[in-house]
Structures are given as structure tokens and as C-alpha cells.
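1. Next comes the sequence, and after it the predicted model I'd like to discuss.
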Amino acid sequence: MKKIQIFGLVIIAVAIGIIVSTAGDASTYVDFSKAQDMATDGDNESIHVVGRLKKDAAGQILDMQYDPKIDPNYFTFTLVDNKNVAKKVVYMSTKPQDFDKSEQVVVIGKMHNGTFAAEKILMKCPSKYENGKLETTEASASKS
Amino acid sequence: MIHTTIGSAGHLLVIIAFVSALVATFAYFKAGMANTPLDDVPTWKRFARATYVIHAAAVFGVVFSLYWIIGNHYFEYHYAWKNSSLSLPTGYTISSFWQEQEGSFLLWIFWNVILGSILIFTNRSWEAPVMTVFALVQAFLTSMILGVVIPGLDLKIGSTPFLLLKEVMPDMPVWKMDPNFIPKDGNGMNPLLQNYWMVIHPPTLFLGFATTLIPFSFAIAGLWTRKIQEWIRPALPWALFSAMILGIGILMGAYWAYETLNFGSYWNWDPVENSSIVPWLILVAAIHTMIIGRKNATALKTSFILTIATFILILYSTFMTRSGVLGNASVHSFTDLGLSGQLLIYLLTFTILAISLLVYRWKSLPSDEAEVSTYSQEFWIFIGATLLCLSGFQILATTSIPVYNKIAEAFGGVLNMALPADQIGHYNKFQLWFFSLIIVLTGIGQFFWWKRIGKDKLQPLYNPFLISLVISAAVITFQGVKDIQYIALLTAAIFAIVSNGTILLNIIRGNYNLSGGAITHIGVALMLIGILFSSAYTKVVSINNSGLMISRSEEFTSNDNKENKENITLWLNKPEKMGDYMLTWRDVRIEPLHIPEYISKSWVDMIEGDYKAVALRDIVVNEKKYYSKGDTLEIAPENFYYEIDYRDPTGKIFTLFPRVQINPRMGGIVSSPDINRKLDKDLYTYVAMVTNPMAEPVWSPTENFTISMRDTFFVNDYVAVLDNVVRTEQVEGVTLGEGDAAVKAVIRILDKEKEFTVTPSFVIRDRMVARKPEVNKDLGMRIQFQEINPQTGQFSFAVNTTQRDYIVMKATEKPLINILWLGTFVLVIGFIMATVRRFRDFIKMRDKETASVNKSKGKIPAHTV
């Protein structure tokens, strides 16, 4: 076999490795019931859940708690997923900026004892200057 | 008055620019086609050039119009209203130009016009085919800001920046009342973007994007006119220049993110960042194959593929960031303007045209006869280029996940794939090894390139190899590097520095012009070392040790929460221990425009909604008096600086001023870090949460205390003692006349480590009682002297409490980050040297060709323009 062919085969092998690994590492969008099932099955993968904040008729956010005096790294709120299942989300970091204004929230993490432990929060806020357009902001509890 | 003329002019000029670009494409195409009669070529060329001049003039006119609208604050225009405001300083007024998609397209178009003109002047012989590609790109780009609706089809082409506010938001009720309504002020710029990087980063990045078109155009021209090898010489200096500018642009963004935007780090593997680094990696690979492409046919073919791929990837990146396909996945992609279709056509047109042309010509490309030797420079450079491509491929494969979802959707499927939850881990597990190998190859490649080693002659590599092993061992021991992958990367980078350094010392004596490659490689190696230490060995200093959360639910005690306890709360003037440091939050400061330092917020009264403040005292900074009491001073709006003292174990104190911007329109806070820079590490501090410095305190209901002298009482959980009541001659804010009397109470309040004295006064003035309360911010308390009872000898006080001011902050240490910035500079110097060298090469060859053409001119009349 010629050197160039061996070389080509090696590259193809690495490329396949990359694709397989990407597919393996990729997370998925699920709802809370699915997330709960996954946690029950012992699946430890972090997943994405899209939802809205729980609000009352006046637009006030319900069941949100953040008290930096007690602990600046403990923030909880209730997220209602697209199938209208509400779950408590615990985020072990400071409350993200602009959180109160977010329309749509994506939490990344896993279910843990009936609550969702979020590692990262993505928010869609009404664009600062324009109504009707949404922009994404991100907060992460991971080490940086 | 609504200034409609300038907007209409701008819009018309965009249309002219678009049409002239199309005409120029056709004319240059005719001039470049082999079947055009020789006598017609000069005519076509002259015509094409004239059209291009019209196009350039129109583009300048569009840029001028938009800038005129923004610069003159014509807020009747949506673009000016949305992105600028009266109070915006000039620098940022310029940058509000490219804050939106339309403006950034315009910036890109502008750079292309400049680059195209330079090419016409410097490179006459390639003009026709190269400019055909250029003009076609310009036609696509100008179509993005065309803003024309095709009647009947209801098809909108492009999005124009010249829309009036009325046209964008026709539903606002104000139009019914006053159709000629013009807003008094604009929305201003996102305070986060008000930074000098916003002025220089986008133009640099877009120049980087624009320059990738040049090597691409030469490659296409080479294929088209069958100058299969000749295109490399003029393309190479531009490819180097492009890699340098694009690299600088990306790194500026990284530095900006680190220094201001508070992303916590300089690189976050965000899809937008990724989609600009991938073309850069491929471009660097292309440069390497181009260097050997004139000797090696495989490298020549690869050069075609990679040069084309670079440009296509730039288009793909544009598509991803601007079409809204990233959606949830990215922090800073643009919102969708309805251009996705147009962007897709742009991307597909160039992909299909370029690939078809390459396939069509593939057979006529040369092939290597003998197999390349393992001991040749070509072999090693080729391996290096391949690794760069694989590295780019890995990033692209993951970044494109949102695109896979869209493709699945288009075919009726549901994929629901999301980006990896742990992106850093995912990318690092590949990139770390790729770059370890790539950086080793830079050293080996250089040795082969300069023929220092060859078959049966590998000895010259032994010394650098041994030296780098010794240095690496020392660094690993000294810095305590333990993980195997970091040891590998570190050793590889040190080897690259030593081996490239050896080569550098060797050749610099002969001709320093040729040392660009070695210098660039050393720069990359330094950057990798800086990245390794500053990311892998980042240490969070602000560990929350208050222990207060232990009482909370069991969620806190479970496994990985400890990791997230990385913010601490600071109360005003209350020292708190953080790592080795003792921290005290001293004050909130503001930024006056005409004083070189920040001043305390308590010195002034800020005027809401304005960018001015009234001095409450004489403002003296560094013994110079700037303002007297009552003067109005200009301040930077929205900026608050939190003065935090750090006392290190030796007792030395330094102060950091992390910034918080409070924008009334934005509601939230935006924080920027402050960094204590030492040679060996950065201490990076930012404020995550504050009590709003602009809000008036909310006082609790009044609590009354009636006590005797020396009595102890409890207020807000503090022990307080009334020490004394004394007569006083001076009460701030009150002038005492004859017959007036004033007393003040001296109340001592005991906090854990500190005592405070509060002295509210009680004044009898013109037979009227006046009470002057005293506010203590550290305690969040207000005490008013209510009454003196002469019969009982008791005193009454009214006490209100409020939320004490606090901040939540985070601090991290980033070791050796300066090596990253040092490496960046070395890299840029290397690129400049290589670019200059290759450009000289090209000029020399071009002049030789021109001379030979001129010589032959005497015999046959040649057609040159």
C-alpha cells in the first residue's frame, strides 16, 4: 500500500472518530417527564429543557427565590416546560443578570431527587431596545 | 423636520452599488474569457474598471449617508434611533455604525472596495479574472442591504439601514397624533459595548473576513485561466496578511471578552467564536501548502481545496451567525432579519461554482510522479496542514449541531440535538492533542525546511530535543503540572520554542527577512503555554466560607455543590477574608468626564436620566480643585465603580474597581471585571450583584426608644449605648443664630469588630424645633433625635433601618496569562515579516514579467491596459 493511501485511511479514521464523539457528546432537548425518566434510569447525561417561568396573571414571577444575604450561590425558580409540567430548578450560582425579564429559559443539567439541578441557564430576553425581538443570554455555573 | 433626502440618497446609492457590481462582474468576465476577441479585451476591461469606480463611489456614498444620519443624530431614522444617542461619545457614535447587521455588511462591503482597488493598482495582469470574483461577491453583499421589495411577488431583497422609524414601527400610537414625530433622543448603545474594543474589533475582524476573498479569487482565477501554479505567488502575501488580520481580530474579541465582557474567560467555545476560528485554521493550513505548492503537485491541489474552503467557511460562518439558525445556541449571534434565504443562496452559489470549476479542471492539474519521501519538508508540512484541518473539522462538526437540526426539520424529521453540555471538555479532549502534535510539527518541519536534517541525518534535532525535555521537566516540577495531557502540551510547546528558536538563531544571521515562519511558530507555542496555565490552572479565590448555607436543605450537601460556592458577599466597610486576602468594600464611585480619577458617589447628587451631577461639596482630587460645591459636572452615565481594597498577607494594600453599569432602560446590571495584573498572574475580580446605587433606601417603620443617659438599647440586632448628649455649635446644613441652641447625642453602636458613633442633632431655632437625623450606611440605619424630657431626664430617638448595602463578587486567579498576550505579539510580528517577504517576492517577479513584456513590445504590438 502506498504511503498516501495509509495516510488517507488514518485521516478517515480520525474524522469518523470525531463524528462519533460529537454524536456521543451532543446533548438533547427533552421535557421534564423525559428528564425524570432518564434520571430514574440512572442516565447521568446533562440535557436541555426549554420552558417558561411560572407567572401569575399580573406577570409576577412565582416561586422564585434568591437571597444573597444567606447564600449568594443558591438560586431557585420554577420552570414550566412545553408540556406544561412545572419543576423546581436549583442553580448553584448567582442569579443571572436580566433573569426577571426573560421570556423563555433553557436550563442545562439533570434531574436530581425531583428537582432539576441546572449547570447552565440560557435566557431569551426581549431585546433591550426593541419589542418583539428576542436575544439570548447565557449564564453558567461552571468554573471559569 | 424629517430629513428624508439623505436616506433616499443612501438607498439609491445602494441600488447603484448593486447594479454596478453586477455590470462590473459581467464586464470583467467578458474581459477574462479566452474566447473574447483579443481586440475587444481592452474595451471590456476599461468598461469594467469604469463600472467598478462607479461602484466604489456609490459604496463610499452609502457609508457617508449612514454616517451622516448617525453623526447628526437624525433620530427619525430607525438605525440612528436604535443604536445611538445624544450622550454617546464620538468614538462610540462611529461604532454604532456597525452595531447592526446592515452596518456590518456595509463595513464588509467597504473593505472589499478598498481591497479591490488595491488589487487593480498592484496587479494588472490578474485584474480581469480576479475582479470578476470580487465584483460578484460585492453584488451579493450589496444585495443584503438592498431593501427592495419585488412588486407582485411580495419578495423582499435585503434589509436597508435607511428606514425611517415610522416605516419600521408603523403601529406606534404616536404617529396618529403627530405624523412628523421625531424622538428627542435615541436608545443609545448597550453599555456593555461602550468600550474601545467596539471601535476597533469589528473593523479588524471584517477586514479579516474581507481579505480571505483575495486568495480565493486568485485560486479561482488560476483555475479559470489555467495559470495553475502562477496564482500562488500573488495570492500568498495576501493569504498571510489575511491570516494575520483575522487572527488579530479573533484575539481582540478574546481579549475584549476577558477584559470587559465578563464572560469569565477569553474563549468560551461559543458558536460565533468557533465559526471564525475554523476558517482561520484552514487558512493557516492553506498557507503552508501554498508555500510548497510550486514544488509539489499534491500540495498544489490541496492549496486549491483549502483556499476555496477558507472562503466558503467564511460564508458558512456568516450564514450561521446571521440567519438565526443558531437560535438558542449562541450568546451573540445577530437576530434574523429574514435574510436566511439570501444568505443561503450566497453560500451555495460560491460553493457550487468553486467546486464545479475545481472538478472541471482537476484532470489538468499536475500529479506527482514519485512518492513523497518521509524525510522531505513536503511530507512534514503536509502532515501539519492535515492536522490543522482535522482540528478545524472537529470544531465545525460540533458547532454545526443547530444546523443539523434545521436540515432534519427541512426534511420533516425531528432531531432535537443540542450542543454538548460540557462544551469545554468536549472540545479540549480533541484540540489539546491536535495542538500538541501541530506545535511539535512546527519544530520538525522547520528543521526539514532549512535542510538542517534529512535522511540518515537527524542529529541536529537531538540537542533541541534534549534541551526542551530538561526545561519541560523543570517547569513541570516547579509549577506542579500533574495531568498527563497538560504535560504533553507543555513539553510539545517548549520543544517548539527551542527548535524554532534554534532555526531562528541560525538563519537570522544570514537573512532576517526569512525568519517570519520561525517567529510565528514561537508565538503560537507561547500562546499555547499561556492558554494552558491560565485556563487549566485558574483558581477561584472567592470561596464562600461563611458556612451559612449548612442550615439549608440537603441539596447543598450533595456532591458537586462545593464547586459552585464561588461567590462571596461583602458588606460596606466590613472586612471579609478571601483566600490570602482581606477584602473590604469601601465605596461606590462614579466616573467624571473631566477628572482623571473616579470620585465617590456620595460627593455628588446625580441627575436621573441625564449624564450630569451636582457637586455636594468641593471636589478636590490630587490636591487640585476641579469643582466647587453646587457646580454641575459631567459624568459617564451608568458607570459605577466598586472600590474594593485587597490587603495581601504582607499587609500591602491594592484597590480594584470592578465596574457595574446600571441602565434604566435595561433594568438589569451589567458588570465588567477589574484585573490586578502581576507579571506571573492576573487577579480577576467582578461584581455579580449589587444593591442599586441609584435607588432611594426603603426605610422600615419607625421604632421609638426613650432612654436615659448611659442606657443600653438594641437596634437592628446591634447593641447601642447613649454615651452623652452635648451642646454643639455646628450642625451641618443649619446656620445657628443668636438665641438658637443645638445639642447632639453621641450614640455608640457596637458591631462585631467595629464601633460606630452616630450623632443625631436636636436644634431649637427661632423657637422652632428642628431634628437632623444621621444615616449610617454601614449599619443601614437612620437615627433621629426626637425629644428631650427635662422632667425625667430621658431622651427619645426614632430609629429606622434599611437593607444594608452589599455586593456579591467573584475573584479568580489566572496564572501566566501574560505569556498568552506575549505570544500574540510574537505571532503578529512573525506574520508581518512573512507577509513583507512574500510581497517583495511577488513585486520582484511582477516587475520582471512587465519588463519582458515591454521588451517584446518593440516587435509585436501587445494588448496591455
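-> Good, I have the coordinates. Residues are numbered from 1 along each chain as shown, chains lettered A, B, ... in the order given.

2. in the sheet, who's paired with the residue nearest in space to the middle of chain A?
-> Centroid check for chain A by C-alpha atoms, centre = their mean gives A:Ile108 as the closest residue, at 2.0 Å. Beta-bridge pairing of A:Ile108 under DSSP bridges involves A:His48, A:Lys120.

3. B:Arg771 touches B:Phe762, doesn't it?
-> Yes - judged on C-beta atoms under 8 Å, B:Arg771 makes contact with B:Phe762 at a distance of 6.0 Å. Quick note: C-beta positions are derived from backbone N, CA and C, even for glycine.

4. what sits in contact with each of the two?
-> B:Phe785 (C-beta atoms under 8 Å, 6 or more residues apart in numbering or on different chains).

5. Have a look at these two and say which one is more surrounded.
-> Under the neighbour definition other C-beta atoms under 10 Å in any protein chain shown, B:Arg771 and B:Phe762 were set side by side, and B:Phe762 has more, 24 against 14.

6. Surely the more buried one is in a strand?
-> Yes - assessed with DSSP: H, G, I helix; E, B strand; the rest coil, B:Phe762 lies in a strand.

7. any idea how far it is from B:Val726?
-> From B:Phe762 across to B:Val726, the span is 11 Å (C-beta to C-beta, to the nearest Å).

8. what sits in contact with each of these two?
-> Joint contacts of B:Phe762 and B:Val726 (C-beta under 8 Å, 6+ apart) are B:Val743, B:Lys744.

9. Tell me where chain A has strands.
-> Secondary structure of chain A (DSSP state E): strands at A:27-30, A:47-53, A:65-66, A:75-81, A:86-91, A:104-112, A:115-126, A:134-140.

10. can you put these in TSV and add distance to B:Phe435 and mean pLDDT?
-> Shown next, in TSV, are the strands of chain A (distance: least, C-beta to C-beta, whole Å; pLDDT from 0 to 100):
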stretch	distance to B:Phe435	mean pLDDT
strand A:27-30	25	85
strand A:47-53	29	86
strand A:65-66	40	82
strand A:75-81	37	88
strand A:86-91	33	89
strand A:104-112	27	84
strand A:115-126	26	77
strand A:134-140	24	49
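
11. Is it possible to get JSON lines of those that adds distance to B:Tyr255?
-> Formatted as JSON lines, those follow (distance: least, C-beta to C-beta, whole Å):
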{"stretch": "strand A:27-30", "distance to B:Tyr255": "30"}
{"stretch": "strand A:47-53", "distance to B:Tyr255": "30"}
{"stretch": "strand A:65-66", "distance to B:Tyr255": "32"}
{"stretch": "strand A:75-81", "distance to B:Tyr255": "30"}
{"stretch": "strand A:86-91", "distance to B:Tyr255": "29"}
{"stretch": "strand A:104-112", "distance to B:Tyr255": "27"}
{"stretch": "strand A:115-126", "distance to B:Tyr255": "24"}
{"stretch": "strand A:134-140", "distance to B:Tyr255": "20"}
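
12. out of those strands, nearest to B:Ala128?
-> strand A:134-140 (44.4 Å; C-beta to C-beta).

13. which one's the longest helix in the chain?
-> With no chain named, the answer covers chain A. helix A:3-25 (DSSP state H).

14. You answered for a different chain; I wanted chain B.
-> Per DSSP H, chain B has its longest helix at helix B:817-857.

15. centre of the chain versus it, how much separation?
-> On the basis of C-alpha atoms, centre = their mean, to the nearest Å, helix B:817-857 sits 28 Å off its chain's mean C-alpha point.

16. That one and chain A, any residue contact?
-> No - applying C-beta under 8 Å from any C-beta of the partner chain, one finds helix B:817-857 separated from chain A by no less than 13.1 Å.

17. could you give the mean pLDDT of that helix?
-> Mean pLDDT, helix B:817-857: 90.

18. Could you list every helix and strand in contact with it?
-> helix B:232-256, helix B:516-536, strand B:681-690 (3 or more C-beta pairs under 8 Å, 6 or more residues apart in numbering or on different chains; DSSP states H and E).

19. could you redo the last one with a cut-off of 10 Å?
-> Judged by 3 or more C-beta pairs under 10 Å, 6 or more residues apart in numbering or on different chains; DSSP states H and E, helix B:817-857 is in contact with helix B:101-122, helix B:232-256, helix B:271-293, helix B:484-508, helix B:516-536, strand B:674-677, strand B:681-690.

20. what's the least confident stretch among the ones you listed?
-> Mean pLDDT is lowest for strand B:681-690 among the helices and strands packed on helix B:817-857, at a mean of 84.

21. Show the subsequent helix or strand relative to that one.
-> strand B:703-707 (DSSP states H and E).

22. for that next one, the distance to its chain's centre please.
-> Taking mean C-alpha positions (C-alpha atoms, centre = their mean), strand B:703-707 and its chain are 57 Å apart.

23. follow-up on the earlier one: buried ones in the longest helix of chain A?
-> A:Val14, A:Ile18, A:Ser21, A:Thr22, A:Asp25 (16 or more other C-beta atoms under 10 Å in any protein chain shown).

24. Check whether it comes near chain B.
-> Yes - counting by C-beta under 10 Å from any C-beta of the partner chain, chain B is contacted by helix A:3-25 at A:3-4, A:7-8, A:10-11, A:14-15, A:17-19, A:21-25.
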